[in-house]
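1. fold the following, please.
(chains A, B, C and D)
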2 protein chains.
Amino acid sequence: MNIPQPALLQQVKERLHAEGGRLTEQRRLIVEVLENHPDHPTAEQIYLRARESDETLHLSTVYRTLRWLEEEGFISPRWFEDERRQERFDMGMEGSQDHHHFRCRECNQIIEFSEPLVEQIKAIFMAQYGGKVDNATLILYGVCEKCRAG
Amino acid sequence: MNIPQPALLQQVKERLHAEGGRLTEQRRLIVEVLENHPDHPTAEQIYLRARESDETLHLSTVYRTLRWLEEEGFISPRWFEDERRQERFDMGMEGSQDHHHFRCRECNQIIEFSEPLVEQIKAIFMAQYGGKVDNATLILYGVCEKCRAG
DNA sequence: CTTAGTGCAAACCATTTGCATCTCG
DNA sequence: CGAGATGCAAATGGTTTGCACTAAG
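-> This next block holds a predicted model:
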């Protein structure tokens, strides 16, 4: 299939080393899956994909690794309204610019986009209400072009 | 943009009548709690407040009523990132204009605000990616003025 | 060797559902 | 009286955790 990109894996390796953590086979696999499938998978989807390479991998290990990646700022969890309690994982890295999401309620596709007006909204809010806004999540819901046409 | 709304209870009464539903004591209580506490309570908070007037009220009844109110467009569920799985209920009525939220991560206060730029973002997205955007949820996270000062 | 990490099973917990009973209209 | 609601208990399902064992460095 796809040749794994060393970008995320390399960063993870370095962070683990700095913290006295260990790059296990399981973690390597999970990170590879994330790199090769930037389509906001659920924990279970990551689990199933990684299991194709390691039959013994357990879902709880996937969760533990995802939580660690989240704490380290490598990924972000996302929730979409039609999926109430299920979380999806976003490769967005620490320090990278905010990006936002459109979710098609027919094909469930997620489109990422950046939108400078959101910065402006933060500024307007702060001017009006005081306080400090650190980050913003914006999700648009609708029907994508393809589903409208089809 | 303030369109005076008849009290929620009155609207609920009419809708129930139109559908052959019944205005039970439990539903009346739950709707009253929602009207008197527009602070985005959780199901359990609504339950506890309503129970002060009716010891026998059960949490499942609260959930069933909330789901009905949601289907009828009287309230909307909202999720905030630091509470992963818990939902909060928003009195926003059907047909009322989109409103958005700021959440203080110290005092957990929620501030509602409207922001016309969001309409503009929807239009920009549609122009760029095609498709149709129906609605948008925007949540700002940060520290409110009071908590910053304190 | 040492201890971080894993597999597994059990726990968690907000929410949902099946069913016998009650009650609103 | 009869359909619609409720109380209760049990189920659900994504996520988390305790523990004994395994393996990375």
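
2. and the gap between the residue nearest the centre of chain A and chain B?
-> Chain A has A:D90 as the residue nearest its centroid, 0.8 Å off, counting by Cα atoms, centre = their mean. Between A:D90 and chain B the distance is 12 Å, computed by Cβ to the nearest Cβ, to the nearest Å. C-beta here means a position set from N, CA and C on the backbone, and glycine is covered the same way.

3. what is the burial count for A:P116?
-> When neighbours are defined as other Cβ atoms under 10 Å in any protein chain shown, A:P116 has 10 of them.

4. what do you get for A:V133?
-> 19.

5. next one: A:D82
-> Neighbours of A:D82 (other Cβ under 10 Å): 9.

6. my guess is it meets A:R105, correct?
-> Yes: in this structure, A:D82 is within contact of A:R105 by Cβ atoms under 8 Å, at 6.3 Å.

7. ok, now which ones touch the residue in chain A sticking out farthest from the centre?
-> Taking Cα atoms, centre = their mean as the measure, the residue most remote from the mean C-alpha position of chain A is A:Q128, 31.6 Å away. Applying Cβ atoms under 8 Å, 6 or more residues apart in numbering or on different chains to A:Q128 gives the contacts B:F113.

8. can stretch A:65-76 be found next to chain B?
-> No: for stretch A:65-76, no contact with chain B is found by Cβ under 8 Å from any Cβ of the partner chain; the gap never falls below 9.2 Å.

9. any idea of the mean pLDDT for that stretch?
-> Here the mean pLDDT over stretch A:65-76 is 96, rounded to a whole number.

10. if we can go back for a sec, so which strand or helix has the residue farthest from the centre of chain A?
-> Here A:Q128, judged by DSSP states H and E, is contained in helix A:117-129.

11. so the next helix-or-strand element following that helix versus strand B:132-143, what angle?
-> Note on helix A:117-129: by DSSP H and E, the next helix or strand toward the C-terminus is strand A:132-143. In terms of direction (axes from the mean of the first three to the mean of the last three Cα atoms, to 10 degrees), strand A:132-143 departs from strand B:132-143 by 160 degrees.

12. what does the helix or strand following strand A:132-143 contact?
-> Per DSSP H and E, the first helix or strand lying C-terminal to strand A:132-143 is helix A:145-149. Contact partners of helix A:145-149, identified using Cβ under 8 Å, 6+ apart, comprise A:104, A:106-107, A:109, B:129-132.

13. and these, which of them are buried?
-> By neighbour count, with 16 or more other Cβ atoms under 10 Å in any protein chain shown, those hold A:104, B:131 as buried.

14. is A:R88 in contact with A:H40, as I believe?
-> Yes: with contact defined as Cβ under 8 Å, A:R88 reaches A:H40; the gap is 4.3 Å.

15. now for those two: what residues contact both?
-> What both A:R88 and A:H40 touch, as defined by Cβ under 8 Å, 6+ apart, is the set A:78, A:110.

16. quick check: phi and psi at the closest residue to A:L138 other than its chain neighbours.
-> Take A:L138 and drop its neighbours on the chain: the residue closest to it by Cβ to Cβ, 6 or more residues apart in numbering or on different chains is A:H100, 4.1 Å away. Backbone geometry at A:H100, expressed as degrees, to the nearest 10, gives phi -120, psi 180.

17. equivalent analysis for the one 4 residues further on, please.
-> Summarising the backbone geometry of A:C104 under the convention degrees, to the nearest 10, its torsions are phi -80, psi 120.
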